[in-house]
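Novice: The sequence and its predicted three-dimensional model are supplied below.
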Amino acid sequence: MAGLLALVGGDEFHPGNEEQDRLLVAAAAAGPAFVLPTAGARSRPDLAVATAQQWFSGLGLKLEGLDVLNRTQANSKELEARAAGGGFFYLAGGDPGHLARTLIGTRVWSAIRKRWLEGAALAGSSAGAMALCEWTLIRASWPHSSQRRDERALGVVPGTAVLPHYDTFGQRWVDSASQALPNAVLLGLDERTAAVWDGQWSAAGGGRVVIWRGGEHREFVRQPIDGLPDPRLEEPGADQADG
């Protein structure tokens, strides 16, 4: 049976995330717990790992960094073997385009997905949450750089794209995201707030989970969520390792 899945709106590894992170810790399967700083590869991935380790140690979970920063590492047999034994995976925030492009179709991602389908806990925040959906939203080219365009992501949650940091700036993405993906479910996530799936979807944390579809939206706070597609529980061909 697939493990718990959490999509977090951002500002991860800080106070205010206790509700969803305690659910993740309780759901961790046997084996090492990993944080992937992939989305922060161009900034300070070591800092992302250290911050995550400090935060989760306070919740009783020891994390290891799985340093998958580029596609060569994502297709490493050594890192694939480490991931294949994991019981907890957290995709930290950063650059959403880099994260999805680095992991899609690789050995490491295939191993992570397989472990999640076997019961490991899986989470992503901000760029990490975006990458776990069907599409990730990245900045459009100049002169439209204030708008978002879609790019194929890892596809764990089908038909969906995340609007992270919804309470700070993500809400401004609604119009351009709706134009780019007119038939998608747009999932707005406030910071320190999560859509959590454990057989059904629910909202965790102090903020809002907002579902946009067909130009209309509904908000959920600490309650069951309807209108969000269930995760894809089979391994699609696009997720098969290359190389």
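Specialist: Looks like it came in fine.

Novice: Going along the chain, name the helices of this protein.
Specialist: 18-27, 45-57, 71-74, 77-84, 96-103, 107-117, 127-131, 174-180 (DSSP state H).

Novice: how about low-confidence regions in this protein?
Specialist: The model of the chain has pLDDT under 70 over residues 140-147, 235-243.

Novice: quick one: the strands in it?
Specialist: All strands of the chain, identified by DSSP state E, fall at 5-8, 33-36, 63-65, 88-91, 121-125, 135-139, 148-152, 160-163, 185-189, 193-197, 201-205, 209-213, 216-220.

Novice: can you pull the contacts of the residue nearest to Tyr166 when sequence neighbours are not counted?
Specialist: The shortest distance from Tyr166 to any non-neighbouring residue, by C-beta to C-beta, 6 or more residues apart in numbering, is to Gly188 (3.8 Å). Bear in mind the C-beta positions are built from the backbone N, C-alpha and C, glycine included. Residues in contact with Gly188 (C-beta atoms under 8 Å, 6 or more residues apart in numbering) are 9, 162-163, 166, 170-171, 174, 208-212, 217.

Novice: Most neighbours among the residues you listed, please name it.
Specialist: Val162 (35 neighbours; other C-beta atoms under 10 Å).

Novice: you'd agree that residue is up against Met130?
Specialist: Yes. The pair Val162 and Met130 qualifies as a contact (C-beta atoms under 8 Å) at a distance of 4.5 Å.

Novice: starting at the chain centroid, how far to stretch 203-212?
Specialist: 15 Å (C-alpha atoms, centre = their mean, to the nearest Å).

Novice: okay, how far is it across it, tip to tip?
Specialist: 15 Å (C-alpha to C-alpha, to the nearest Å).

Novice: what's next to that stretch, contact-wise?
Specialist: 6, 8-9, 16-17, 19-20, 23, 163, 166-167, 174, 178, 185-196, 217-225, 227-228.

Novice: Quick check on the residues you listed: which are buried?
Specialist: Among the contacts of stretch 203-212, those classed as buried by neighbour count (16 or more other C-beta atoms under 10 Å) are 6, 8-9, 17, 19-20, 23, 163, 166-167, 174, 178, 185-196, 220, 225, 228.

Novice: picking that back up, can you lay out the strands of the chain as a markdown table showing distance to Ala111?
Specialist: Output for the strands of the chain, formatted as a markdown table (distance: least, C-beta to C-beta, whole Å):
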| stretch | distance to Ala111 |
| --- | --- |
| strand 5-8 | 17 |
| strand 33-36 | 11 |
| strand 63-65 | 15 |
| strand 88-91 | 10 |
| strand 121-125 | 12 |
| strand 135-139 | 21 |
| strand 148-152 | 20 |
| strand 160-163 | 23 |
| strand 185-189 | 26 |
| strand 193-197 | 20 |
| strand 201-205 | 25 |
| strand 209-213 | 29 |
| strand 216-220 | 32 |
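
Novice: Tell me which of those strands lies nearest to Gly105.
Specialist: The closest of the strands of the chain to Gly105 is strand 148-152. By C-beta to C-beta, the value is 10.0 Å.

Novice: For that closest one, name the packing helices and strands.
Specialist: helix 96-103, strand 135-139, helix 174-180 (3 or more C-beta pairs under 8 Å, 6 or more residues apart in numbering; DSSP states H and E).

Novice: can you rerun that using 10 Å?
Specialist: helix 96-103, strand 135-139, strand 160-163, helix 174-180 (3 or more C-beta pairs under 10 Å, 6 or more residues apart in numbering; DSSP states H and E).

Novice: tell me which strands and helices the longest one is in contact with?
Specialist: What it means is helix 96-103. Using 3+ C-beta pairs under 10 Å, 6+ apart: helix 96-103 touches strand 33-36, helix 71-74, strand 88-91, helix 107-117, helix 127-131, strand 135-139, strand 148-152.
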